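>>> with the sequence up front, the predicted model follows.
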Amino acid sequence: MMNELTSSEIREQAVALRRAGKSRREIKEILGIGNSTLDPALRGEAPPPWTLRPRAKDDRHAKARELRAAGATYNEIASLLGVSKGSVSLWVRDMPRTGRLSTEAIGQQKAERLSRYRDAAQLRRAEHRQGLREAAAAQIGDLSSREVLIAGAIAYWCEGCKSKPYQRRDQISFVNSDPELIRFFLHFMASVGVTSDRFTCRLLIHESADIASALRFWQRLTCLPAEQFRKPTLKRHNPKTVRKNTGADYHGCLAVNVRRSAELYRQVEAWAAAAMA
């Protein structure tokens, strides 16, 4: 039949058969032609819907769009349907995002996540430091009188007041803001025979602080009566300075002096020199 029909006639009949619902195989049998003739004859003619094979993912495609319209995220859709996130993106990327957060809300979420991370990290660091302290306490144990003497002399030589060649001042005077170091200094002094009545103390603190509370703090720590505390020395406020030593944990510094301590000062000086040598 192919020799009896022109190409235009073949196309006309092939299109008519196609629109009548015939398959390609049926058209070729009826017209007696092959694929090389049928292909140009049917060019531009859409196949009937019944000849199209449904794609395996069509149902998941539709479900993905339903889930996206309901506000599900890409990760949630991929997990529910068992497909990749890339497939979900191809199926629903033309759809508007539902429930989109404002810039402020996104920033708030980020700040909250950062705060939780910092809190957890701070807790881990605190637990780590506590573990180190417990291990160190077990390693060092109780100090002998000799060890207290060495540690006390070195601590004083680091933090205590020392005489200078141009200004001799042979007197024990120790100033610090660390309560535990003040406590250790008093223990060191007691170990070398200094009685509590020889101590005089002076609070050094910023004028904007709670001075009365700071005095009570140091009196409890030192176990010394109020009459052994001299008038506090106040640091004047400078508006240009941004102070960080504020709040309930700020107690200023404590200066502890030992009366009649010139000979003791020279002895501490000798102990420190011996320890460092």
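That came through, no problem. Numbering: from 1, shown residues only.
>>> tell me which element Trp218 falls in.
Take DSSP states H and E as the rule and Trp218 turns out to sit in helix 211-222.
>>> starting at the chain centroid, how far to the helix or strand following that helix?
On the C-terminal side of helix 211-222, the closest following helix or strand by DSSP H and E is strand 233-235. Strand 233-235 sits 38 Å away from the centroid of its parent chain (C-alpha atoms, centre = their mean, to the nearest Å).
>>> tell me the mean pLDDT over strand 233-235?
Strand 233-235 carries an average pLDDT of 92.
>>> what does stretch 221-229 give?
On average, stretch 221-229 scores 96.
>>> swap in stretch 184-192?
The average pLDDT within stretch 184-192 is 97.
>>> the domain parsing of the protein - what is it?
The chain breaks down into these domains under automatic domain parsing: 7-51, 58-92, 101-141, 145-276.
>>> including mean neighbour count, could the ones you listed go into TSV?
C-beta here means a position set from N, CA and C on the backbone, and glycine is covered the same way. Shown next, in TSV, are those (neighbours: other C-beta atoms under 10 Å):
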stretch	mean neighbour count
domain 7-51	14
domain 58-92	15
domain 101-141	10
domain 145-276	15
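>>> if we can go back for a sec, which strands or helices does the helix holding Trp218 pack on?
Secondary-structure packing of helix 211-222 (3 or more C-beta pairs under 8 Å, 6 or more residues apart in numbering; DSSP states H and E): helix 179-191, strand 199-206, strand 253-258.
>>> export these to CSV and tack on distance to Ala121?
Formatted as CSV, these follow (distance: least, C-beta to C-beta, whole Å):
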stretch, distance to Ala121
helix 179-191, 25
strand 199-206, 31
strand 253-258, 31
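>>> Ser84: which of those is closest?
Ranking the helices and strands packed on helix 211-222 by proximity to Ser84 (C-beta to C-beta) places helix 179-191 first, at 58.8 Å.
>>> contacts for that closest one, please.
Applying C-beta atoms under 8 Å, 6 or more residues apart in numbering, the external contacts of helix 179-191 come out as 145, 148-149, 151-153, 155-156, 159-160, 172, 174, 176, 196, 199, 217-218, 221-222, 251, 254, 256, 258.
>>> ok and it relative to helix 211-222, angle-wise?
Using axes from the mean of the first three to the mean of the last three C-alpha atoms, to 10 degrees, one finds that helix 179-191 and helix 211-222 are set 50 degrees apart in direction.
>>> rewinding a little: quick one: closest of the helices and strands packed on helix 211-222 to Pro239.
Pro239 lies closest to strand 199-206 among the helices and strands packed on helix 211-222, at 12.9 Å (C-beta to C-beta).
>>> name the helices or strands packed onto that closest one?
Against strand 199-206 (3+ C-beta pairs under 8 Å, 6+ apart) you get helix 211-222, strand 233-235, strand 253-258.
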